[in-house]
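Novice: no sequence on this one, just coordinates:
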């Protein structure tokens, strides 16, 4: 028996790693498709909205970006219920199929010059389909990876859920950088912006095939049929009101800061700091790669010090530093200095992002976990994350750009207060399965 133990441990680690990678593959592609819209909006804004200056065009594309977020709570509700009743694997495959459809719609949509007002309407419908998809994907993937992670290293392994979110954004920016070097700005404006959406749709088909072969989590398999049948909106809001409110608040602060320092940052660097579009994209991409790389380290740290301490540090320091960091980035004229400042903001934010999946999964019982993780997260993203860029650009257009600094700081401060009053989910977790 002693001789077999090391090989059994190796097999267990390989099995867990395979499940984590398989579960995260769809997450990566989904978020690549989602962020491709934000990354390439600098180029396709005039295709769908030919009138007005650059800020006005970006405002209109940002409005549709926000509309996509409104569909996320609906997707979280429908696919969260589905994942709780039919399995985490089933929820993952349905969501990635929907994202494939939405990406194809964007890739093939004619511009305003050919079909008039139908073009922006069609773009909105495509984003609604993607919103439904991504709303369900988050809950299914966060639940799947947290349940497969194992108790001893749950913070470390589940942090890869956010790694794939960032990796999707990095991939979208990477495609943008390649196309910026291969195509002229006129070619990118004319047709080049469609290429990333075709790539995303093709990759989604591959991931769909991979995920059909994933192993279902032990937590889902071992629950009784009655537990799964009891998953529902009323049970969530009536029986877990406090937990739902906590997730909403944490997501409000974390997603607002995330979209401010990632998707909006690309526009901020061009519109306010006056970097070229190419330089802004490269600064954004490098900062995201660093952000991606430190997630597992902070996830591992949460296994040592607890989830509550990580949340308090991320939200508290974020509230104190957002104004000075954004002001310094706006005044930066050197790409290296701007990169260092953006990275400083993202390192602070990692206190939230590295534990965001596991801390939410640990708050709910198995039969309600996918819905409980997904719905308040999606709702907060719709209200705060999806509107971040639009609000920031509105402040910019009104001549009061510092308003976004105050807004982000205030929401982070509220999230910090809630984190201070919570129990550490690492010690009081409802996710007991190993």
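Specialist: On my side now, so go ahead. As the structure is a computational prediction, the values presented were derived from the model and not from experiment.
Novice: what's the closest non-adjacent residue to residue 141?
Specialist: residue 27 (4.4 Å; C-beta to C-beta, 6 or more residues apart in numbering). C-betas here are computed from N, CA, C, even on glycine.
Novice: isn't the one you found right up against residue 168?
Specialist: Yes: between residue 27 and residue 168 there is a contact at 7.3 Å, judged by C-beta atoms under 8 Å.
Novice: higher neighbour count, those two?
Specialist: Under the neighbour definition other C-beta atoms under 10 Å, residue 27 and residue 168 were set side by side, and residue 27 has more, 30 against 24.
Novice: residue contacts, the more buried one?
Specialist: 137-138, 141, 161, 164-165, 168 (C-beta atoms under 8 Å, 6 or more residues apart in numbering).
Novice: now it: how far from residue 258?
Specialist: 15 Å (C-beta to C-beta, to the nearest Å).
Novice: what of residue 161?
Specialist: 14 Å.
Novice: same deal with residue 169?
Specialist: Taking C-beta to C-beta, one finds residue 169 at 10 Å from residue 258.
Novice: low pLDDT regions in the chain?
Specialist: Residue ranges of the chain with pLDDT under 70: 1-19, 22-23, 52-56, 147-152, 213, 216-232, 426, 428-434.
Novice: can you pull up the most central residue in it?
Specialist: Nearest to the geometric centre of the chain sits residue 165, at 5.0 Å (C-alpha atoms, centre = their mean).
Novice: correct me if wrong: that residue contacts residue 31.
Specialist: Yes: Residue 165 lies in contact with residue 31 (C-beta under 8 Å); the separation is 4.8 Å.
Novice: contact partners for residue 176?
Specialist: 39-40, 196, 281.
Novice: and it, what element?
Specialist: Counting by DSSP states H and E, the element that carries residue 176 is helix 160-182.
Novice: next: residue 155.
Specialist: Using DSSP H and E, residue 155 falls within helix 154-158.
Novice: what packs against that helix?
Specialist: On a contact count with 3 or more C-beta pairs under 8 Å, 6 or more residues apart in numbering; DSSP states H and E, helix 154-158 meets helix 118-149, helix 277-305, helix 356-361.
Novice: closest to residue 184 out of these?
Specialist: helix 277-305 (12.1 Å; C-beta to C-beta).
Novice: for that closest one, buried residues please.
Specialist: Neighbour counts using 16 or more other C-beta atoms under 10 Å place 277, 280-288, 291-292, 294-296, 298-299, 301-303 of helix 277-305 among the buried residues.
Novice: and the angle for that helix with helix 160-182?
Specialist: Counting by axes from the mean of the first three to the mean of the last three C-alpha atoms, to 10 degrees, helix 277-305 lies at 170 degrees to helix 160-182.
Novice: could you give the angle of helix 277-305 to helix 118-149?
Specialist: 30 degrees.
Novice: how far does helix 277-305 sit from the chain's center?
Specialist: Distance, stretch centre to chain centre, for helix 277-305: 13 Å (C-alpha atoms, centre = their mean, to the nearest Å).
Novice: can you name every helix or strand that that helix contacts?
Specialist: Going by 3+ C-beta pairs under 8 Å, 6+ apart, helix 277-305 lies up against helix 154-158, helix 160-182, helix 263-271, helix 307-331, helix 335-353.
Novice: so which of those is nearest residue 249?
Specialist: Of the helices and strands packed on helix 277-305, nearest to residue 249 by C-beta to C-beta is helix 307-331, at 9.5 Å.
Novice: in that closest one, what counts as buried?
Specialist: 307-319, 321-322, 325-326, 328-330.
Novice: circling back: distance to residue 71 for the helices and strands packed on helix 154-158 - can I get that in a markdown table?
Specialist: Output for those, formatted as a markdown table (distance: least, C-beta to C-beta, whole Å):
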| stretch | distance to residue 71 |
| --- | --- |
| helix 118-149 | 3 |
| helix 277-305 | 25 |
| helix 356-361 | 20 |
